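Peer 1: how would this look folded up:
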Amino acid sequence: MSEALWATRPRPRLASPESDIWRGEPTTLAELRAMRMQLRELGSGDGAPPGATGDDVDRLLLAFEELVSNALRHGRGPVRAAVTPSASGWLLEVSDSAGESPPVPAVDRDAALGGLGLYLVAQLSSAHGWTVDDEGRKVVWARIDLEGSVEPGPRVRPGSGGPPAVPAPAGGRRPPPAIEARRRRRRAPRRLSIAVTAAVLALVIGLAWLASVVNARNSERLLHQQVVQVATLLTAQLASGQIQLSDAGQVAIATAGQPGPFTRFADATIQTPKISLSLWRMSGGQPQRLALHGVEPQLPPGGPESFFKTLQPDGKLTVAGIVANPQPRLAYALMPPGETGLVVYAEIPLNRRVSVAAGDAFGGLDLAAYLGPRAVADQLLQTTAPLPIRGDTATVQVPFANTSFTIVAASRTGGLTGPLSASLPWIVLGVGGVLALAVGGTVETLSRRRTVAESLAVENQRLYQEQRGIARTLQHALLPEVPHVDRVELAARYVAGVDELEVGGDWYDVITRPSGNCVFVVGDVSGQGLPAATTMAALRFAVRAYLAQGDEIEVVLTRLRELLDITVDHQFATVLMGELDPATGTVRLVSAGHFAPLLLSGDRSELLECPVAPPVGVATSAAPIVAELRVAGPATLLAFTDGAVERRGEIIDTGLERLRTTADAARDQPLPAVLDRLMDATTADGGRDDTVILGLRWTTPG
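Peer 2: Okay, the predicted model is just below:
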């Protein structure tokens, strides 16, 4: 591999820059972490191409973090980044002001100069390269395709030509249909809020209907009461007329039917104009008129004899009906008690259409009175409104003489309960509708906030899944296989402190020198999970690069200090480096804040003495001090990280002694069995930190 891994290639272009799902200008690593969280939400939601999985988003985020952090560390500001979805994945572009200076991965060069992340991004992306834009800015780009997606055109390999163009969203300016559909779903109201709003609206409609029914019943009851009052008033008026007619009959009986007294009585007591009142005598079945007051009577059809024959001398009023020619009149008569044969006959003119002022009694009603038990048009006595009476009507029958009156009435205003009561259903409906929308909006807001809260609650789980997916990619690159070294038996064990994560911040490595010596390294980066793992990878590759240059272990440790700064990176690392000459049994050790190894030799089991320098990342000018010793005969050296000895609630000496006694008890077993015994003791005691144990066993030739 060479620097051609990131050759100059034209970047793919989309039809419209408005299809970018994210753009930003990070200036610090802290801002980078915050922007990474924003990109995760967008990449998992509206900005995710159809079929994108959590592992695909993890690869995008890893490439984003590596390219942007590389630009912040080794480029020139301002740094700009953009992520654009395509049909098969995302296009990631990171630019800085470095101009023609190409990105250089840490391959075949000094790893201390950085660029390990560029190598990792090259392995994750389906196509990558860099170019210079019109403003003279260097643009490093990578295309992250979905797992299993196949895009038209050949996949770009290192050293090949430019990549195939990323297809633009349909319509140029519009995002892909799947993204539009997801946006519409997110903007659409949720089913719960719709159901709550519908339930409240149903309740409101029910209450409005109930208020309308109650108002209608109250109006009906009040209308019936007013019609009864009208009937009572009419009954009183009819009774007064009947009394006048009976009094006229008594005058006729007292005067033996003389016309003079009858006429004078009628003139004095009857004031109704156009009324006809006459006195008749039945003789031999033939009527004979004796006296007349008022206008000439029209008489019932068939003449008076047919009607008078139906009368009885009981003094009770009998209604003949309505005589219509030439004008409608109500005709009725009575025969005074006795055998006098006298008949008092009256006709009252009918003014069928009258008007009642709104302020008068019953002025709010439309009334119609009919003769007989039914509301028949030709039997109409009087009305205050056009017929038929419309609206919700009330009907009352009033008995009168040998027949009855039928009164039909309706409210002119549609209700008699008052404007407030009549408007109550609409008030309930309006206020309830607003309340339903408010409740629905509140439920919608709470539901969306709950969704946000749930997404935040599972963020740690997502991070674990993200780290687990990335760990599968990094496993072979970060955790080496134990090499074969002549005359030295090697074994190593590693357990990550984060559940289901295959890598962490602890590491080990064994490198052989051309002289036959082997250099072993055990280190521990502060923190856990992927951030610690990426820093660990940088340090491990740097150690290999420095050793490949032939540097001594103390020089390597000094150079590592240039790669990490706790004030900038917020991380530090403890490192133990040793070099074993199996031919002589000579061991050289140098430590940067790390535990000294455990030696099992002969009957001894002890922690070696080794001067400790400050951890890598902590500023210091003091050179590390090398400890050197020679171990004759068979010996086992165990290097470990703090996860093997540290426990919450106990001092470190207790953990170190536990490690020593466990290893001493298993010294006669094969080296892998010894390490398994130590790891079992670690997990049995509830250890939750990353743990590395590296074992070397050798026999010095006699």
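
Peer 1: Find the centremost residue of the protein, please.
Peer 2: For the chain, the residue lying nearest the average C-alpha position, counting by CA atoms, centre = their mean, turns out to be Arg448 (2.9 Å).

Peer 1: Helix or strand: which one has Thr232?
Peer 2: When elements are defined using DSSP states H and E, Thr232 is found to belong to helix 191-254.

Peer 1: got it, and Gln288?
Peer 2: Using DSSP H and E, Gln288 maps to strand 286-294.

Peer 1: Quick check: neighbours of that strand in the sheet, parallel or antiparallel?
Peer 2: Using DSSP bridges, the strands paired with strand 286-294 are strand 276-283 (antiparallel).

Peer 1: got the angle between the partner strand and helix 191-254?
Peer 2: Per axes from the mean of the first three to the mean of the last three CA atoms, to 10 degrees, the angle that strand 276-283 makes with helix 191-254 is 50 degrees.

Peer 1: ok now strand 276-283, how far from the chain's centre?
Peer 2: Remark: strand 276-283 is offset 93 Å from the chain centroid, using CA atoms, centre = their mean, to the nearest Å.

Peer 1: in it, what's buried?
Peer 2: If you call a residue buried by 16 or more other CB atoms under 10 Å, then strand 276-283 has these buried ones: 276-282. All C-beta spots, glycine's among them, are computed from the backbone N, C-alpha and C.

Peer 1: same deal with stretch 574-590?
Peer 2: 574-582, 585, 587-590.

Peer 1: Looking at it now, give me its mean pLDDT.
Peer 2: In this model, stretch 574-590 has an average pLDDT of 95.

Peer 1: What's the end-to-end length of that stretch?
Peer 2: When the termini of stretch 574-590 are compared using CA to CA, to the nearest Å, they are 11 Å apart.

Peer 1: do stretch 586-598 as well
Peer 2: The distance separating the two terminal residues of stretch 586-598, taken as CA to CA, comes to 15 Å.

Peer 1: Please apply the same query to stretch 351-369.
Peer 2: For stretch 351-369, the first and last residues are 12 Å from each other (CA to CA).

Peer 1: Give me the below-cutoff pLDDT ranges for the stretch 151-300 of the chain.
Peer 2: Along the stretch 151-300 of the chain, segments meeting pLDDT under 70 span 151-187.

Peer 1: The next helix-or-strand element following the helix holding Thr232: how far from the chain's middle?
Peer 2: Downstream of helix 191-254, the first helix or strand assigned by DSSP H and E is helix 259-269. Distance of helix 259-269 from its chain centroid, counting by CA atoms, centre = their mean, is 94 Å.

Peer 1: Contacts for helix 259-269, please.
Peer 2: Under the criterion CB atoms under 8 Å, 6 or more residues apart in numbering, residues 244, 247-248, 251-252, 254-255, 277, 279, 290-294 lie in contact with helix 259-269.

Peer 1: Tell me which stretches of the stretch 351-500 of the chain form helices.
Peer 2: Secondary structure of the stretch 351-500 of the chain by DSSP state H, counting those that start in this stretch: the helices cover 419-457, 459-478.

Peer 1: so Ala142 touches Leu92, yeah?
Peer 2: Yes. The pair formed by Ala142 and Leu92 meets the contact definition of CB atoms under 8 Å, at 5.0 Å.

Peer 1: Spit out the residues that contact the two alike.
Peer 2: With contacts taken as CB under 8 Å, 6+ apart, Ala142 and Leu92 have 63, 67 as neighbours in common.

Peer 1: These two: which has the busier surroundings?
Peer 2: When Ala142 and Leu92 are compared on other CB atoms under 10 Å, the one with more neighbours turns out to be Ala142, at 28 against 24.

Peer 1: Tell me the spacing between that one and Pro78.
Peer 2: Counting by CB to CB, to the nearest Å, the gap between Ala142 and Pro78 amounts to 20 Å.
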